[in-house]
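**Student:** Structural data only, the sequence is not supplied:
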């Protein structure tokens, strides 16, 4: 019996191919790193499985077949195809991963192939050791502080306002948010500044629109010169901490600006989705079926218990449970058909998730159960919110909102890669705590850019220039917001939607990838785009935005945004990644 070199090399090659095919690209997009431990665990598993299969084949094979490398490696390849097709991040990526594993395994056995194999290792594994590798970043506290309230800012990532029971939705998806709203102020007409996480969070932190802070689809980073709510409060003596399971709201994208302590808690959930071995383990054991919410809440409570109780604090928490894939949530089955098995829920969730980043469509049969999963994911986010509220008590001003929503088939789209439709940008917003009037319901447009100046006003700290307003007078009933206009923007989505071209026409892609801006005021909304479209909507008569009219007839002024002039250019795919995608027909 020979040493199982075939199985070992295929095992190593499989992990190398996973990194080359998609893990590297995903990590590069948000500057992530420090995943070497997760990769090492997967490598050990793949090598052990490959070696075991190799030895087993040699044990049962007869004659000259014992030494056949093809026979020794074929069962592992078949198993890898099955696992990637059923548990991989996307079925089509198996077309790149499995051949890549075979190429690597063959290359290491011939002299001329060693440079190729080494190059694949260096290219695929480099993000494991580069980028933002630490889970916790720290900066020192200033020596003195002033008296003032503490703040807890909670983002329920991707939660749709129209699927919150707090805003009249038929299912009880957000009971904890509803309880909070009764004790504080609920904003009926709040809007995000964009349709996805980076620009909306950057607006939340800086009080600036995307065209002014520069963190967009075309530049995945908040620049170091940005003044954030955390940096202003930290300079005034507040302890500033952040806990996020969103890999794009992390130190790798500059979102830790101004925080004394910032914990990137995305690694376990993201690696479970990207590495087949970890996803298979989660499916078989039923553990870790969340997107980091458990870790975020536990770390927040641990910090809260251990902190200096005299100094005021500003705590930011991002809870990812409502984000796709919707089935990865503790309460995923709360509203689904009891007759659907766990495997059926996985399939439904995977179809929706694939539609979001591949541009495919979900058939009518699966749309209703997809919404059921979405509601369960929303309820999961609200459950974690409840734990945070219980830990904080009545000692802090609490701000809870979403950064954007998701489309689930509306306008023939899924996810939040493109568009400024109402389900994407109209968000829940509740503020409660000391000094906030209980039971207030504020009507009239408000924006995510208003949160920073409002918090700084409540803190009694001088505000830098922003695009937002202080909402305290509106909460006190001193001013009306009925005549206000608010703006949302998104920039070119070439990278986010680059895989859509295989399923969408060139005309659709021009619209999908175009820069656009929306302005909302009163009952009317105007959306202008780089492709020349200029659409108006009457949100009262046409809340689903199905009957557009000429945008100029709204009477609102708005222009297509242009990128901020930044020294660092937009994040680009490197030539090897582009060529790999082109070879599969994903990029033209």
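**Tutor:** Cool, got the structure. Values in this document were obtained by computation on a predicted structure and should not be read as measured data. Numbering: from 1, shown residues only.
**Student:** show me where pLDDT drops low in the stretch 301-450 of the chain?
**Tutor:** For the stretch 301-450 of the chain, no stretch has pLDDT under 70.
**Student:** Ok, the chain next?
**Tutor:** Scanning the chain with the threshold set as pLDDT under 70 gives 22, 26-34, 88-94, 127-134, 285-288, 565-588.
**Student:** how long is stretch 404-412 end to end?
**Tutor:** Using Cα to Cα, to the nearest Å, one end of stretch 404-412 lies 18 Å from the other.
**Student:** Distance from that stretch to the middle of the chain?
**Tutor:** Distance of stretch 404-412 from the chain centroid (Cα atoms, centre = their mean, to the nearest Å) equals 15 Å.
**Student:** got a list of contacts for that stretch?
**Tutor:** 158-163, 192, 194-197, 200, 322-324, 352, 356, 361-362, 367, 370-371, 374, 413-416, 419, 421, 423-427, 544-545 (Cβ atoms under 8 Å, 6 or more residues apart in numbering). No exception for glycine: its C-beta is placed from N, CA and C like everyone else's.
**Student:** filter those residues to the buried ones?
**Tutor:** Listed as buried from these are 158-161, 163, 192, 194-197, 200, 322-324, 352, 356, 362, 367, 370-371, 374, 413-416, 419, 421, 423-427, 545; burial here means 16 or more other Cβ atoms under 10 Å.
**Student:** Which of the residues you listed fall within strands?
**Tutor:** 414-415, 426-427 (DSSP state E).
**Student:** Looking at those residues, which is nearest residue 536?
**Tutor:** Comparing these against residue 536 with Cβ to Cβ places residue 426 closest, at 16.7 Å.
**Student:** Go ahead and confirm the closest one touches residue 190.
**Tutor:** Yes - the pair residue 426 / residue 190 is scored as a contact, 7.1 Å apart, by Cβ atoms under 8 Å.
**Student:** what touches both of those two?
**Tutor:** Joint contacts of residue 426 and residue 190 (Cβ under 8 Å, 6+ apart) are residue 161.
**Student:** Output the contacting helices and strands for the longest helix belonging to the chain.
**Tutor:** Scanning the chain for the helix with the most residues, using DSSP state H, yields helix 364-392. The contact analysis (3 or more Cβ pairs under 8 Å, 6 or more residues apart in numbering; DSSP states H and E) places helix 364-392 against strand 150-156, helix 175-182, helix 293-306, strand 313-319, helix 342-358, strand 396-401, strand 407-408.
**Student:** highest average neighbour count across those?
**Tutor:** strand 313-319 (a mean of 27; mean count of other Cβ atoms under 10 Å).
**Student:** Show me what that one is packed up against.
**Tutor:** Counting by 3+ Cβ pairs under 8 Å, 6+ apart, strand 313-319 packs on strand 150-156, helix 229-235, strand 239-244, helix 293-306, helix 364-392.
**Student:** Residues in contact with it: which ones?
**Tutor:** With contact meaning Cβ under 8 Å, 6+ apart, strand 313-319 is reached by 150-157, 201, 229-230, 233-234, 238-246, 249, 259, 293, 296-297, 300, 303-304, 307, 381, 384-385, 388, 396, 455.
**Student:** so it versus helix 364-392, what angle?
**Tutor:** For strand 313-319 against helix 364-392, the angle by axes from the mean of the first three to the mean of the last three Cα atoms, to 10 degrees is 160 degrees.
**Student:** what pairs with strand 313-319, and is each one parallel or antiparallel?
**Tutor:** Strand 313-319 has its sheet partners listed here by DSSP bridges as strand 150-156 (parallel), strand 239-244 (parallel).
**Student:** what's the offset of stretch 356-373 from the middle of its chain?
**Tutor:** The answer for stretch 356-373 is 18 Å, by Cα atoms, centre = their mean.
**Student:** Nearest residue to the middle of this protein?
**Tutor:** With distances taken as Cα atoms, centre = their mean, the residue of the chain nearest its centroid is residue 246 (5.2 Å).
**Student:** I figured it hits residue 196, correct?
**Tutor:** No - with contact defined as Cβ under 8 Å, residue 246 does not count as touching residue 196 (10.5 Å).
**Student:** now the strands: where do they sit in the stretch 51-200 of the chain?
**Tutor:** Remark: strands assigned in the stretch 51-200 of the chain by DSSP state E, counting those that start in this stretch are 136-138, 150-156, 184-187, 190-191.
**Student:** Contacts for stretch 510-517, please.
**Tutor:** 359, 417-420, 487-494, 497, 500, 504, 527-531, 533, 558-562.
**Student:** what's the spacing between the closest residue to residue 432 other than its chain neighbours and residue 178?
**Tutor:** Using Cβ to Cβ, 6 or more residues apart in numbering and skipping residues adjacent in sequence, the residue nearest residue 432 is residue 184, 2.4 Å away. To residue 178, residue 184 is 11 Å away according to Cβ to Cβ, to the nearest Å.
**Student:** Confirm that residue 451 sits in a helix.
**Tutor:** Yes - assessed with DSSP: H, G, I helix; E, B strand; the rest coil, residue 451 lies in a helix.
**Student:** so it makes contact with residue 400?
**Tutor:** No - contact criterion Cβ under 8 Å: residue 451 and residue 400 do not qualify, at 10.6 Å.
**Student:** Name the residues contacting each of those two.
**Tutor:** Residues touching both residue 451 and residue 400 (Cβ under 8 Å, 6+ apart): residue 429.
**Student:** Residue 450 and residue 470 touch, don't they?
**Tutor:** Yes - using Cβ under 8 Å, residue 450 is in contact with residue 470, at 7.5 Å.
**Student:** With neighbour numbers in mind, choose between the two.
**Tutor:** residue 450 (27 against 18; other Cβ atoms under 10 Å).
**Student:** burial measure for the nearest residue to the more buried one once chain neighbours are set aside, as a count.
**Tutor:** Computed as Cβ to Cβ, 6+ apart, the closest residue to residue 450 that is not its neighbour in sequence is residue 468, at 3.9 Å. Using other Cβ under 10 Å, residue 468 is surrounded by 23 other residues.
**Student:** any idea how far residue 468 is from residue 229?
**Tutor:** 11 Å.
**Student:** Which residues are in contact with each of these two?
**Tutor:** Common contacts of residue 468 and residue 229 (Cβ under 8 Å, 6+ apart): 207, 451-452.
**Student:** Quick check: of the residues you listed, which lies closest to residue 271?
**Tutor:** Nearest to residue 271, judged by Cβ to Cβ, of these is residue 451 at 31.4 Å.
**Student:** pretty sure residue 489 contacts residue 211?
**Tutor:** Yes - using Cβ under 8 Å, residue 489 makes contact with residue 211 at a distance of 6.2 Å.
**Student:** Between the two, which has more neighbouring residues?
**Tutor:** Neighbours per residue (other Cβ under 10 Å) separate residue 489 from residue 211, with residue 489 holding more: 25 against 21.
**Student:** And what about that one, helix, strand or coil?
**Tutor:** Reduced to three states by three-state DSSP, residue 489 is strand.
**Student:** same deal with the one 5 residues further on?
**Tutor:** Reducing the assignment to helix, strand or coil with three-state DSSP, the entry for residue 494 is coil.
**Student:** and it, how many residues sit next to it?
**Tutor:** For residue 494, the neighbour count with other Cβ under 10 Å is 16.
**Student:** How about residue 341?
**Tutor:** For residue 341, using other Cβ under 10 Å, the count is 8.
**Student:** please begin residue numbering at 463 from this point
**Tutor:** Yes, from this point I'll number from 463; that puts the last item at residue 803.
**Student:** State the distance from it to residue 783.
**Tutor:** 22 Å.
**Student:** and if you look at residue 909?
**Tutor:** 24 Å.
**Student:** Same check on residue 605?
**Tutor:** Counting by Cβ to Cβ - residue 605 and residue 783 are separated by 38 Å.
**Student:** neighbour-wise, which of the two wins?
**Tutor:** Neighbour totals were compared for residue 605 and residue 783, and residue 783 leads with 32 against 6 (other Cβ under 10 Å).
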